[in-house]
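[1] how would this look folded up:
(chains A and B)
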Number of protein chains: 2
Amino acid sequence: MKIEAIDLFYVALPEIKRAADGSQDTLLCRVRADNGLYGWGESDSSPLVSLAAYVFPMSHSNIININEALLGETIDSVEDVHRLRVKAGVYGLDVQQLDHAVAAVDIALWDLAGKHLELPVYKMLGYERAYPKLPYASVLFGDTPDETQMIAADLRERGFAAAKFGWGPMGHGTAANDVALVAAAREGMGQQAQVMVDAGVVWGDDDATAYDRAVSFAEYGITWLEEPLLSDEVDAYKRLTDRKPPVPIAAGEGADFFRSADDLMLNGGIDFVQIDVGRTGGITVCDRICKRAQELDIQYVNHTFKSHLQLAASLHVFAGVEAFQLMEYPAGDSPLVLGLTAPTGLPVNAEGMVDCPETPGLGVDVNLNTVREYLQPVKIEVAGKVLHETPAV
Amino acid sequence: MKIEAIDLFYVALPEIKRAADGSQDTLLCRVRADNGLYGWGESDSSPLVSLAAYVFPMSHSNIININEALLGETIDSVEDVHRLRVKAGVYGLDVQQLDHAVAAVDIALWDLAGKHLELPVYKMLGYERAYPKLPYASVLFGDTPDETQMIAADLRERGFAAAKFGWGPMGHGTAANDVALVAAAREGMGQQAQVMVDAGVVWGDDDATAYDRAVSFAEYGITWLEEPLLSDEVDAYKRLTDRKPPVPIAAGEGADFFRSADDLMLNGGIDFVQIDVGRTGGITVCDRICKRAQELDIQYVNHTFKSHLQLAASLHVFAGVEAFQLMEYPAGDSPLVLGLTAPTGLPVNAEGMVDCPETPGLGVDVNLNTVREYLQPVKIEVAGKVLHETPAV
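    Here you go, the predicted structure:
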């Protein structure tokens, strides 16, 4: 089949709050083939900046847009999906945003090729079966320990056996307040649950403070301390992990390309690598990272704060690896989380686990009504020429 | 003083050719302060994608645009320039394009602050004096060895004692053709000149071929072999440099942020680190890389394929380091190289060297007539709201 159209949709809630909540907007990509099949993908990034990467005018041979690389191309096989990802990368070699932007179309191409080949994506990646994952609810800390405890108690009531608390006040008050936040999360979730802490890069390159907090938090039996430091500060990660902190260290959502993740694994000494399929170049690149993590005996976990479309794409990458057991599961109430897929997203099953879809492609479909309801029409003109105008949903 | 306006100008030649020639378009940034002073900067990237990074709607607390971070801010000191670069990075933490985009305004802020403090930028970076650099002409290989030899002979006639030849047919034909191209460059430049070879990442992660070419090229006494491999393939760089190839290895233009350059230096084993001030986050970040290169005893060289405004910004970063002697000097005839500065750019002096300006800021000014002549008006609308429209020059 041939790629006939790449449709981009910027969807957003009417009001965007200044919180670390990635489920307030998104960029969706629909690829349509000449045989009527289509695939969907999503990028976790600034929708406008990523959209621009599909339509910008050529600057030279290494700055050519994604549409130019892919429209009219042939896609019939897994090899074609790989080939097209490489081609988009060559065309956009000097476009920094490429990895975030191309993720959407890469995911859509796996979905499309899976429908064509009648295979779920995880099988196209070479795995024979998929293993259910334990979902951990991903939420922000409350503004206070009390509020955090209430959020945790609510999650426990909803049946979550694991939850991650992040950002908000963590690292912005006293050390005692940081500890009180973690204690409250543990209190609310109960002693049996897995509790993760996401520090939201708050200590920058200050590995000493990160180490001190890791020691303090260890008392509450947390599964990991996530992103205590900036992604860019791999040396600081190394200083931290060389001291063998009493809780595992997680990072990776800031990695935009393969080497950036590999660098954190090889040289940062992290225990969990958290990869966002909507940022790190799509399924093709994340599959490479997942296989690298297996070689290095590092736990791969998805980073996902978008819709269940994105969640499905995330899951297919590591569904086939039994040893990678945890799965980030957005638990907020934005209509752009569960509302973007139809008829359902990825539900938690009776055993409290999430199963990977066995239907062709990603195994979820997009709810066009939600897309229409939250659509933000975009128009981009350069030198009087319209380079992009939002297509019909 | 306060930042009153950030003006962005997309300028481009009427026809863009599909060659690895970065001087066909650019994104200029003018920062105006409330006291009438202004500064200029330039980004080496897709102008439209970088422009979008200044104006996109907020997605959440880590995806906030550059204008929002900087407009209305105070800038009176070197510390303010650093503080504002950090602030833009925090606001745009999850915007991949941030480093390419922010480079333009970061350079402009150094220019502006330099004018305010009446200091050339290199002095603001802590250096007492500037050392003249040996410019090497930066050109593309001809389509054939013969054409390459003519290009080289022309450069020699124009007085260049050093030149780099890159991209074009290199790596796309036979091994013998690759060698013939290098031989032709040497023949045209003569035996006394420094000749560099830029392979334009053509061998991907194939370090074995890169090594073989390094051995073949060594006969022609080249100063370095540049980017034989993709930036992302740091392991392949390590395999290559571990074998101690007979010519020095250079890379770095693909590094978008500090760690990416540091990774190539620490783990890739490169001998020259080539940094583009218009890509790698501006003068602030490049200064950090330059100081790191001094610590590691690696040669820092600018990567520049834009105007002499960019060239001046590049030069201030390492002008104060006597040991870093070479300077990439765009030698093409695009009106966006020399034509963008007025009354002059950075001329080659009677000794064949380039002096760093001693006047405040970058020490060059922009030719507004050129900006007007090649201006590409841009208009971006989201949900019916105009987020950007090209301002008056």
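
[2] please make it C-alpha for all contacts and neighbour counts, starting now.
    Fine.

[3] report the mean confidence score over the one helix or strand A:Ala152 maps to.
    For A:Ala152, the host element (DSSP states H and E) is helix A:145-157. What helix A:145-157 shows for mean pLDDT is 97.

[4] show me what from the stretch 51-200 of chain A comes close to chain B.
    Contact residues (Cα under 8 Å from any Cα of the partner chain) of the stretch 51-200 of chain A with chain B: A:52-53, A:56-63, A:94-97, A:99-100.

[5] what about the helices in chain A?
    With DSSP state H as the criterion, chain A has helices at A:47-55, A:66-70, A:78-91, A:98-117, A:121-124, A:145-157, A:175-189, A:207-218, A:234-242, A:258-267, A:283-296, A:308-318, A:368-374.

[6] in the third one, what's buried?
    Just to be clear, that refers to helix A:78-91. A:Val78, A:Asp80, A:Val81, A:His82, A:Leu84, A:Arg85, A:Ala88, A:Gly89, A:Val90, A:Tyr91 (16 or more other Cα atoms under 10 Å in any protein chain shown).

[7] for that helix, packing partners?
    helix A:66-70, helix A:98-117 (3 or more Cα pairs under 8 Å, 6 or more residues apart in numbering or on different chains; DSSP states H and E).

[8] orientation of it relative to helix A:98-117 in degrees?
    Going by axes from the mean of the first three to the mean of the last three Cα atoms, to 10 degrees, helix A:78-91 is angled at 160 degrees with respect to helix A:98-117.

[9] contacts for helix A:78-91 next, please.
    With contacts defined as Cα atoms under 8 Å, 6 or more residues apart in numbering or on different chains, helix A:78-91 is touched by A:61-66, A:69-70, A:74-75, A:98, A:102, A:106, A:109-110, A:113, A:124, A:284.

[10] could you redo the last one with a cut-off of 6 Å?
    A:Asn62, A:Ile64, A:Ile66, A:Ala69 (Cα atoms under 6 Å, 6 or more residues apart in numbering or on different chains).

[11] out of the residues you listed, flag the one nearest to chain B.
    Chain B has its nearest neighbour among these in A:Asn62, at 6.5 Å by Cα to the nearest Cα.

[12] so who does that closest one touch?
    A:Asn62 makes contacts with A:Tyr91, A:Gly92, A:Leu93, A:Asp94, as judged by Cα under 6 Å, 6+ apart.

[13] out of the helices of chain A, which comes closest to B:Ile380?
    Closest to B:Ile380 of those is helix A:47-55 (Cα to Cα; 9.4 Å).

[14] and A:Val393, how many neighbours does it have?
    Residues near A:Val393, counting by other Cα atoms under 10 Å in any protein chain shown, number 12.

[15] likewise A:Ala153?
    Using other Cα under 10 Å, A:Ala153 has 20 neighbouring residues.

[16] with adjacent residues omitted, what lies nearest to it?
    Distance criterion Cα to Cα, 6 or more residues apart in numbering or on different chains; nearest residue to A:Ala153, sequence neighbours excluded, is A:Gly188 at 4.3 Å.

[17] that neighbour contacts A:Asp154, doesn't it?
    No - here A:Gly188 does not reach A:Asp154: they are 8.0 Å apart, not a contact under Cα atoms under 6 Å.

[18] who's more crowded, the two?
    The residue with more neighbours, out of A:Gly188 and A:Asp154, is A:Gly188; 22 against 14, by other Cα under 10 Å.
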